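Asker: Let me see the structure of the following:
(2 chains)
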2 protein chains.
Amino acid sequence: MTTAPQTNPVERILMGPGPSTVPHRILRALSAPTLGHLDPQYLEIMDETCAMLRQVFRTQNPLTFPVSGTGMAGMECVATNLLEPGDEAIVCINGVFGTRMKDVMERCGATVHAIEAAWGDTFTHEQLAAALDAHPRAKLLGIVHAETSTGALQPLEGLSALCREKGALLVVDAVTSLGGHELRVDDWGIDAIYSGTQKCLSCPPGLAPVSFGERALAAMDARKTKPQSWYLDVSMLRKYYTGGSGGGGRVYHHTAPINMTYALREALAIVLEEGLEARIERHRQMHLRLRAGLESLGLAYIPKHSLHPLNCIHAPAGKDEAALRKSLLTDYGIEIGGGLGPMAGKALRIGLMGHTATTRNVDLLLAALRSLLA
Amino acid sequence: MTTAPQTNPVERILMGPGPSTVPHRILRALSAPTLGHLDPQYLEIMDETCAMLRQVFRTQNPLTFPVSGTGMAGMECVATNLLEPGDEAIVCINGVFGTRMKDVMERCGATVHAIEAAWGDTFTHEQLAAALDAHPRAKLLGIVHAETSTGALQPLEGLSALCREKGALLVVDAVTSLGGHELRVDDWGIDAIYSGTQKCLSCPPGLAPVSFGERALAAMDARKTKPQSWYLDVSMLRKYYTGGSGGGGRVYHHTAPINMTYALREALAIVLEEGLEARIERHRQMHLRLRAGLESLGLAYIPKHSLHPLNCIHAPAGKDEAALRKSLLTDYGIEIGGGLGPMAGKALRIGLMGHTATTRNVDLLLAALRSLLA
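Answerer: Here you go, the predicted structure:
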């Protein structure tokens, strides 16, 4: 017999690039008794979850649901359902997640035309219009709203008009913006979008909310081949997630992560109780408070247009950034993130996402940095 | 503002085809504070989880870990990593999950040779040897150990010798057998295997334990193309899950479902505390007890070789099986399953998996059936 110690993780303050700190109320929901995935009560909980997801995405899209995997499964779900061999796609790369989107879409058999900006920069609509002009056969344009690797915020308003003019779908990565930044799926004409639960929704990781609009559904209906992923095949998933509303029955596809659905439902209820506008404003206020404090410590932001939930700064000159992060973790129980890719060792990433974005946490982190950098 | 009611699921006794009833101890672990996915404490919890998974799979395979999705993601992970366009595979179909395996493998670009048995039947080694003879180019033979749709148990011992003789990998679906039936990955020469957490481990759904042996790793290393799934690409996942042991650092791939890992770790600790042999014997005893009771009620088993954790019987003659299941759910809070595919409306599926497999539950269900069928 193996005697394992208890599962007893310490209580960190999660101020990294995600997961964010999960409120007790969500952890409590997570541990509610497990129902069967076809139990009428579970289906009701799932329907409520999807309805609240529509509110948080600001969309009327019937096909809005949580994919049974973490954020990258959401990216893969969108790619595998919208693309097939022979398709072309435009992907905007200014950090890790654009780079990954290209890889994921190429694995779907698509020819991907990458347009690039420096890490930390964003794309102008002129650049995007030029890319759409240069690649008239592109079935979609994929872009990251909130680049978690660099902290850059990409403006999206007005972009869908450019895409529609060229017949391309607008695909958006909103992993780090959903629930923490203004994001209007219908008003902005976004055709397909994916996110994660562990960022500004402050739910544990495990689900990837997605939403598909009418044009995306039409593209899927026009496919010549099956999506290469069975697990993420929306033509089957929609019979489970929306089967009840059309009068037809639900069709079993796979066993959904039941308890994670409870947690997401609770997380969304918390978002809507606070109010989306108020929540987004709170993220802005906490970002400004942190920014003022960091700049007073001589720490400079990398992106010109910084996200509010994710603050990417140059690592303090002459300091070992890994040792700094280790001290924060060990002495303060605070997790922050290091740089990714070309920014490894050169950047710090501080998350102020969801439940983490409080005056208490901002001021504690600033006090800790003041002490450690003294 | 939307005011949503509390997430307050009723406490069912889950005696269907999975999920099974989750013990409170696992739910409590599930709700422990969320750590970051690169936190040293989380990596330790994950390493312990993988070590315990090896014990439960009875394998020394270093590459044994939980895929970040439910059981079907495990099937897809094995298929997408072992197969590429141009490959051939043999898939044994005697129920829903063999049928799905064929679909999943075809989506990987493989030519799949299906061999079929009647639903409820199993395959003899003569049939399997003939299939291997008929398709000498087959890269793998995929077979379901425990067919959840029919309740049939497929003997696996000795099969790997046949596969190795022909140079084919042995791929096994053990979703419903892991932790509830004898299963010896190394002794039986299984090259790749996947399971789920929500069956005989009595953990909520959300992870898919997998294990790959040396021959499977060699096949992956010899690939000419990238696996079509980025999310499930083992060449990257192994740097995260086994990166620590080789002296090199862990490489971030995706955010793992942290809290689900806590739950799985606790579930595996419970399995090992009970002892694998004792647990398997308990499943056998409970199956025999249920079987005697069902047969005394005139209810007959469908498969010749029945699983212990999943009991598939003919629906009672002259009764509406859906109404019977509804009464069990409403009046007793007991979930059992109906038939799938050609067995829909004709079969009942009663799960005695993990925490559900107790004298109390067996006798309660028999009492309920006695009353409802009177």
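
Asker: so A:Ala110 makes contact with A:Thr80?
Answerer: No: using CB atoms under 8 Å, A:Ala110 makes no contact with A:Thr80, being 10.3 Å away. No exception for glycine: its C-beta is placed from N, CA and C like everyone else's.

Asker: Mind checking which of the two has more residues around it?
Answerer: A:Thr80 (28 against 23; other CB atoms under 10 Å in any protein chain shown).

Asker: got the CA coordinates for the helix or strand containing that one in CSV?
Answerer: Secondary structure from DSSP states H and E places A:Thr80 in helix A:71-82. Presented in CSV, the C-alpha positions along helix A:71-82 are these (Å, rounded to 0.1, in the frame of the first residue of the first chain):
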residue,chain,number,x,y,z
GLY,A,71,-8.0,27.4,-23.3
MET,A,72,-5.9,25.8,-26.0
ALA,A,73,-8.6,23.3,-26.6
GLY,A,74,-10.9,26.3,-27.4
MET,A,75,-8.4,27.5,-30.0
GLU,A,76,-8.1,24.0,-31.5
CYS,A,77,-11.9,23.6,-31.5
VAL,A,78,-12.4,26.8,-33.6
ALA,A,79,-9.5,25.9,-36.0
THR,A,80,-10.5,22.3,-36.5
ASN,A,81,-14.1,23.1,-37.2
LEU,A,82,-13.6,26.1,-39.5
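
Asker: for it, which positions count as buried?
Answerer: By neighbour count on 16 or more other CB atoms under 10 Å in any protein chain shown, the buried set for helix A:71-82 is A:Gly71, A:Met72, A:Ala73, A:Gly74, A:Met75, A:Glu76, A:Cys77, A:Val78, A:Ala79, A:Thr80, A:Asn81, A:Leu82.

Asker: circling back: tell me the residues that contact both of A:Ala110 and A:Thr80, please.
Answerer: Common contacts of A:Ala110 and A:Thr80 (CB atoms under 8 Å, 6 or more residues apart in numbering or on different chains): none found.

Asker: Output the buried residues of helix A:71-82 as TSV; include the columns distance to B:His308 and pLDDT.
Answerer: Putting the buried residues of helix A:71-82 into TSV (distance: CB to CB, whole Å; pLDDT from 0 to 100) gives the following:
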residue	distance to B:His308	pLDDT
A:Gly71	38	93
A:Met72	37	96
A:Ala73	33	97
A:Gly74	38	98
A:Met75	40	98
A:Glu76	36	98
A:Cys77	36	98
A:Val78	41	98
A:Ala79	41	98
A:Thr80	37	98
A:Asn81	39	98
A:Leu82	44	98
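
Asker: CSV please, covering these and showing distance to chain B.
Answerer: Output for the buried residues of helix A:71-82, formatted as CSV (distance: CB to the nearest CB, whole Å):
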residue, distance to chain B
A:Gly71, 6
A:Met72, 4
A:Ala73, 5
A:Gly74, 9
A:Met75, 8
A:Glu76, 5
A:Cys77, 9
A:Val78, 12
A:Ala79, 9
A:Thr80, 8
A:Asn81, 12
A:Leu82, 15
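
Asker: Reformat those residues as a markdown table; add distance to B:Leu324.
Answerer: Output for the buried residues of helix A:71-82, formatted as a markdown table (distance: CB to CB, whole Å):
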| residue | distance to B:Leu324 |
| --- | --- |
| A:Gly71 | 42 |
| A:Met72 | 43 |
| A:Ala73 | 37 |
| A:Gly74 | 39 |
| A:Met75 | 43 |
| A:Glu76 | 40 |
| A:Cys77 | 37 |
| A:Val78 | 41 |
| A:Ala79 | 44 |
| A:Thr80 | 40 |
| A:Asn81 | 38 |
| A:Leu82 | 43 |
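
Asker: Check the residues you listed against B:Glu116 and report the nearest one.
Answerer: Using CB to CB, A:Thr80 is the member of these that sits closest to B:Glu116, with 28.5 Å.

Asker: A:Ser229 is in contact with the closest one, correct?
Answerer: Yes: judged on CB under 8 Å, A:Thr80 makes contact with A:Ser229 at a distance of 4.5 Å.

Asker: Identify the contacts common to these two.
Answerer: With CB under 8 Å, 6+ apart, A:Thr80 and A:Ser229 have no common neighbours.

Asker: avg pLDDT for stretch A:164-182?
Answerer: Mean pLDDT, stretch A:164-182: 98.

Asker: Buried residues of it, list them for me.
Answerer: For stretch A:164-182, burial by neighbour count (16+ other CB under 10 Å) applies to A:166, A:168-182.

Asker: do the lowest-mean-pLDDT helix or strand in chain A and chain B meet?
Answerer: Every helix and strand of chain A was ranked by mean pLDDT, DSSP states H and E. The lowest is helix A:234-241, at a mean of 91. No: Helix A:234-241 lies out of reach of chain B by CB under 8 Å from any CB of the partner chain, never closer than 10.0 Å.

Asker: I'd like to check the angle between the helix or strand that comes right after that helix and helix B:258-274, please.
Answerer: Per DSSP H and E, the first helix or strand lying C-terminal to helix A:234-241 is helix A:258-274. Calculated by axes from the mean of the first three to the mean of the last three CA atoms, to 10 degrees, helix A:258-274 forms an angle of 150 degrees with helix B:258-274.

Asker: now for helix A:258-274, which elements pack on it?
Answerer: If you count contacts as 3 or more CB pairs under 8 Å, 6 or more residues apart in numbering or on different chains; DSSP states H and E, helix A:258-274 packs onto helix A:24-30, helix A:40-57, strand A:63-67, helix B:258-274.

Asker: Quick one: mean pLDDT for it?
Answerer: Helix A:258-274 comes out at a mean pLDDT of 98.

Asker: Can you give the distance from the following helix or strand past it to the centre of its chain?
Answerer: Next along the chain after helix A:258-274, taking DSSP H and E as the criterion, comes helix A:276-296. Remark: helix A:276-296 is offset 19 Å from the chain centroid, using CA atoms, centre = their mean, to the nearest Å.

Asker: what packs against helix A:276-296?
Answerer: strand A:310-314, helix A:359-373.

Asker: okay, how far is it across stretch A:340-352, tip to tip?
Answerer: 18 Å (CA to CA, to the nearest Å).

Asker: Now do the helices in the stretch 101-250 of chain A.
Answerer: For the stretch 101-250 of chain A, helices defined by DSSP state H, counting those that start in this stretch occupy the ranges A:125-134, A:159-165, A:214-221, A:234-241.

Asker: Make TSV from the ones you listed and add distance to B:Phe57 to it.
Answerer: Output for the helices of the stretch 101-250 of chain A, formatted as TSV (distance: least, CB to CB, whole Å):
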stretch	distance to B:Phe57
helix A:125-134	48
helix A:159-165	48
helix A:214-221	37
helix A:234-241	29
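
Asker: Name the stretch among those that sits most buried.
Answerer: helix A:234-241 (a mean of 20; mean count of other CB atoms under 10 Å in any protein chain shown).

Asker: ok and that helix relative to helix A:71-82, angle-wise?
Answerer: Using the same axes, to 10 degrees: helix A:234-241 against helix A:71-82 is 120 degrees.

Asker: So what angle separates the directions of helix A:234-241 and helix A:40-57?
Answerer: Using the same axes, to 10 degrees: helix A:234-241 against helix A:40-57 is 120 degrees.

Asker: tell me the contacts of the closest residue to A:Gly71 other than its chain neighbours?
Answerer: Nearest residue to A:Gly71, sequence neighbours excluded (CB to CB, 6 or more residues apart in numbering or on different chains): A:Gly196, at 3.2 Å. By CB under 8 Å, 6+ apart, the contact set of A:Gly196 is A:Gly18, A:Thr70, A:Gly71, A:Gly74, A:Val175, A:Thr176, A:Leu178, A:Pro205, A:Leu207, A:Ala208, A:Pro209, B:Thr255.
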